[in-house]
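Asks: Next come a sequence and a model predicted from it.
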Amino acid sequence: MATLEHAGPGQLRIPRVAEESRPHALAWIGAWWIGGRAIIFATAVVVHHFGPVGWIRLVEHAHTFGPLEAWDGRWYRMVASSGYVLVPGRQSDPAFFPLFPAMLRVGHAVGLGYSTAGLVIANAGFLVALIAFYALTRSLFGLSTARRSTAYLAVFPFGYAFSMEYPESIVLALIALAALAGLRRRWGWAAVCAAAAALARPEGLFVALPLAVLAWEQRHTLSPRARGLAVGAVLAPAAAIGSFSLYLWRVLGDPMAWSQAQRAWGRAFSPLGAVHALDGLGRAISHDAWVTRDVIAVVLYLVLLAAAARAGVSWPWLLAGLAVIVLPLFSGSFDSIDRFGLLAPAAFWGLAALGSSARVHRLILGLSVPLLAAAVVVLPLHFP
Amino acid sequence: MRRVLGPGSVTLGVAGALVVAVLGGGFALQRATLRSPPQSTLVGLRAASWFERYRLVDSTITFDGRVLHGRCLQDWFQEAGRRRRGAVLHLDDGYVLLAVPPHTLEPSGGLPATRTASPLVLMELAGCPRVLARRVQTLAQQRRGLSLTGDRLTFALKATRVTLEVDRRSGKPLGIHLVARGTKGASRLRFTRVTTQLRELLGVSGR
């Protein structure tokens, strides 16, 4: 079994890495970003002109990159253009966290349409995510793991969501930046990034785990003030979600509107939720066969986390990844886990461990590219 | 300062201040960047919540120069061996309308002037809860088609223009003004709790 160079977010000393000039690294990351996004955008253009039409013919086929504006993009645009509304018992927009719509508003304020702003922010955010993820991985595991895992992330088949009007790219960037800031003892920045990640998606909360272990390991070498900042950074994601609740309470009179809105999508957390999800799997698949893809995603992510564990990735990152992938099952549904799992950096470190042999490396890239294109082709056939 | 506060207190103080800053900063960011929903949407949703809460609405309807008393009950009905949601409307001239989507719309009894009226118009004027709630909720969700002037919320429902008079404080619907092609009407609404006796009176319990 392959192992990574070294693991552990809790390391005080950042491991020495092979020298690589910053411009060269940025150019290399930029090339992967362009390559991966080119596959997605070129496929979206083909889908726009030649189909399949599927569910999104009415709205999103009006634009060249329409398929990338489909699915929940509509909800984010709605929140950005006219704020939150909770319609009891119906799918409504407080289920969508506020940072991404707030960024759409800013994009709109500088003259972009909401759809254009969404695509620009998501894709530029993914470039930042790749850079931050590369830097974090290089700090934790060394250069070759950083290069492999960044390349895999750039063309990962479920990574089409990074180019859609979704906040996933922003959240991944913020998670990586928060951890990187923590590693570099910049706890104020770690707090800002962790809080922003949680304000964009609830999964941002789980970055608190690696941050907590980092803070614990640095405790003897930090000043009391820096220790306070570190503790604050660990609590910042929860506080950010609290600020969202506060806002919803002020605007809609219900601080838990975001949780209530989730129920209309069939998501209600319960201790037996995972059992219900498994129990109802046959029914769910007969109702919508695309759930199979999410089931495959869960299995794939779990395998990757297991590979990461065997390769020596430390437990806070594994636990955070496990939470991202397994906790949604406790809401009684497999839906969208392919997308949620993108926010588990440990899964990509697991993939990098598997790809340490040249043959497997070629196989991973060889499979990822056509699967990524295929994922964009089938976008219109499914409405999650 | 350091002599007064121990290192633990400094740590706790800084951590607490940071958490408060995130809480306040996050709230301020959302307030500054996101729009509040339109007042018409919020009033509409409050009105819809009354229709959702009560399944039975009593009404006094002024329609075509006549005054009628109506009672509309939202309930479950057996249709083709399946339980379906629907409504039954009773007017005091003997008119009874059973509406169970998607296939059943059965008017019976009543005066000729009532029988010739559109069933939808009568249901709207009688404040049939689900018909009105669903429409208002859909428009609220889509952020279009609801306009608010004072305490009057106006929207279109198929070929009718409905104005809902609401209590501004509670959002409770008080009355309806309706305009359709060649028809005008108005009504006052009273929300009533459903009892077994009332259901039997309306002929629902046996269905």
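Replies: Ah, there it is. What you see is a predicted model, and the numbers here were worked out from it, not measured in a lab.
Asks: Name the residue closest to the centre of the chain, please.
Replies: Reading this off chain A. A:L343 (3.2 Å; CA atoms, centre = their mean).
Asks: nope, chain B
Replies: The centroid of chain B falls nearest to B:A48 when counting by CA atoms, centre = their mean (2.4 Å).
Asks: what residue ranges in chain B are flagged as low confidence?
Replies: Residue ranges of chain B with pLDDT under 70: B:1-3, B:205-207.
Asks: What is the strand ranked longest in it packed up against?
Replies: Counting residues, the longest strand found in chain B (DSSP state E) is strand B:66-79. The contact analysis (3 or more CB pairs under 8 Å, 6 or more residues apart in numbering or on different chains; DSSP states H and E) places strand B:66-79 against strand B:56-63, strand B:82-91, strand B:96-100, helix B:119-125, helix B:129-142, helix B:196-201. Yep, even glycine has a C-beta here, placed from its N, CA and C like the rest.
Asks: what do you get if the cut-off is 10 Å, keeping everything else the same?
Replies: Where contact means 3 or more CB pairs under 10 Å, 6 or more residues apart in numbering or on different chains; DSSP states H and E, strand B:66-79 is packed against strand B:56-63, strand B:82-91, strand B:96-100, helix B:112-115, helix B:119-125, helix B:129-142, strand B:183-192, helix B:196-201.
Asks: Can you say which of those is nearest to A:G142?
Replies: A:G142 lies closest to helix B:129-142 among the helices and strands packed on strand B:66-79, at 50.5 Å (CB to CB).
Asks: ok, the spatially closest residue to A:S331 that is not a sequence neighbour - how many residues close by?
Replies: Once flanking residues are discounted, A:S331 sits nearest to A:R267: 3.8 Å by CB to CB, 6 or more residues apart in numbering or on different chains. Residues within reach of A:R267, counting by other CB atoms under 10 Å in any protein chain shown, total 18.
Asks: Helix, strand, or coil at A:R267?
Replies: coil (DSSP: H, G, I helix; E, B strand; the rest coil).
Asks: how close does it sit to A:F334?
Replies: Plainly put, A:R267 is 11 Å away from A:F334 if you go by CB to CB, to the nearest Å.
Asks: overlap in contacts of the two?
Replies: Counting by CB atoms under 10 Å, 6 or more residues apart in numbering or on different chains, the shared contacts of A:R267 and A:F334 are A:P328.
Asks: Which is the succeeding secondary structure element to the top helix by length along chain B?
Replies: For chain B, the helix with the greatest residue count under DSSP state H is helix B:7-33. Sequence-wise, the next helix or strand downstream of helix B:7-33 (DSSP states H and E) is helix B:39-53.
Asks: these two touch, right, A:L229 and B:L12?
Replies: No. Contact between A:L229 and B:L12 fails when scored by CB atoms under 10 Å: they sit 11.9 Å apart.
Asks: Looking at the two, which has the bigger crowd around it?
Replies: A:L229 (26 against 17).
Asks: Chain neighbours aside, what residue packs nearest to that one?
Replies: A:W187 (3.7 Å).
Asks: hang on, the earlier thing: if I look at the residue nearest to the centre of chain A, how far off is chain B?
Replies: From A:L343 across to chain B, the span is 19 Å (CB to the nearest CB, to the nearest Å).
Asks: In contact with that residue: list those residues for me.
Replies: Contacts of A:L343 (CB under 10 Å, 6+ apart): A:167-168, A:171-172, A:174-175, A:197, A:200-204, A:206-207, A:320-321, A:324-325.
Asks: What of A:S333?
Replies: A:262, A:265-268, A:273, A:276-277, A:280-281, A:284, A:291, A:294.
Asks: Next, it: secondary structure please.
Replies: Three-state call for A:S333 (three-state DSSP): coil.
Asks: ok, the nearest residue to it once chain neighbours are set aside - how many residues close by?
Replies: Residue nearest to A:S333 in three dimensions, not counting chain neighbours: A:G266, with 5.4 Å by CB to CB, 6+ apart. Residues near A:G266, counting by other CB under 10 Å, number 14.
Asks: now A:G266: how far from A:S115?
Replies: Taking CB to CB, one finds A:G266 at 28 Å from A:S115.
Asks: Then A:I170?
Replies: In terms of CB to CB, A:I170 sits 17 Å off from A:S115.
Asks: ditto for A:N123
Replies: 13 Å.
Asks: hang on, A:G341 packs against A:R293?
Replies: No. Counting by CB under 10 Å, A:G341 does not reach A:R293; the two are 11.8 Å apart.
Asks: Thought A:A191 was touching A:L174, still the case?
Replies: No. Contact between A:L174 and A:A191 fails when scored by CB under 10 Å: they sit 11.4 Å apart.
Asks: so what sits against both of these two?
Replies: Taking CB under 10 Å, 6+ apart as the criterion, A:L174 and A:A191 both touch A:P237.
Asks: Please say which of A:N123 and A:S115 ends up with more neighbours.
Replies: More crowded of A:N123 and A:S115, by other CB under 10 Å: A:S115, with 22 against 18.
Asks: which non-adjacent residue is nearest that one?
Replies: Closest to A:S115 by CB to CB, 6+ apart is A:E69, at 5.0 Å.
Asks: quick revisit: my guess is the residue nearest to A:S333 contacts A:A284, does it?
Replies: Yes. If you go by CB under 10 Å, A:G266 and A:A284 touch, sitting 9.2 Å apart.
Asks: what residues do these two have in common as contacts?
Replies: The contact lists of A:G266 and A:A284 share A:277, A:332-333, A:335, where a contact means CB under 10 Å, 6+ apart.
Asks: could I get those as JSON lines with pLDDT and distance to A:E20?
Replies: Shown next, in JSON lines, are these (pLDDT from 0 to 100; distance: CB to CB, whole Å):
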{"residue": "A:A277", "pLDDT": "82", "distance to A:E20": "44"}
{"residue": "A:G332", "pLDDT": "81", "distance to A:E20": "46"}
{"residue": "A:S333", "pLDDT": "83", "distance to A:E20": "43"}
{"residue": "A:D335", "pLDDT": "85", "distance to A:E20": "40"}
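Asks: tell me the contacts of A:P370?
Replies: So A:P370 contacts A:39, A:155, A:157 (CB under 10 Å, 6+ apart).
Asks: same thing with A:W33?
Replies: A:123-124, A:126-131, A:150, A:153-154, A:162.
Asks: one more time with 6 Å, if that's ok
Replies: A:127, A:130 (CB atoms under 6 Å, 6 or more residues apart in numbering or on different chains).
Asks: Which helix or which strand is home to it?
Replies: Counting by DSSP H and E, A:W33 is found in helix A:22-50.
Asks: Mind listing what's buried along that helix?
Replies: Buried residues in helix A:22-50, counted by 16 or more other CB atoms under 10 Å in any protein chain shown: A:25, A:29, A:32-33, A:36-37, A:39-41, A:43-44, A:47-48.
Asks: Let me see the mean pLDDT of it.
Replies: The average pLDDT for helix A:22-50 rounds to 94.
Asks: Tally up the residues packed near the residue lying closest to the residue nearest to the centre of chain A once chain neighbours are set aside, please.
Replies: The spatially closest residue to A:L343, leaving aside those adjacent along the chain, is A:E203, at 4.6 Å (CB to CB, 6+ apart). Neighbours of A:E203 under the rule other CB under 10 Å: 26.
Asks: Ok, A:D254 next?
Replies: By other CB under 10 Å, the residues close to A:D254 number 16.
Asks: Let me know the secondary structure of it.
Replies: Criterion first, three-state DSSP; result for A:D254: coil.
Asks: re the thing from before, contact partners for the residue nearest to A:L229?
Replies: Neighbours of A:W187 in contact, by CB under 6 Å, 6+ apart: A:226, A:229-230, A:233.
Asks: What is the neighbour count of residue 202?
Replies: Assuming you mean chain A. A:P202: 23 neighbours (other CB under 10 Å).
Asks: wrong one, I was asking about chain B
Replies: Residues lying near B:L202 (other CB under 10 Å) number 19.
Asks: show me the residues around it that make contact.
Replies: Residues counted as contacts of B:L202 (CB under 6 Å, 6+ apart) are B:73, B:88.
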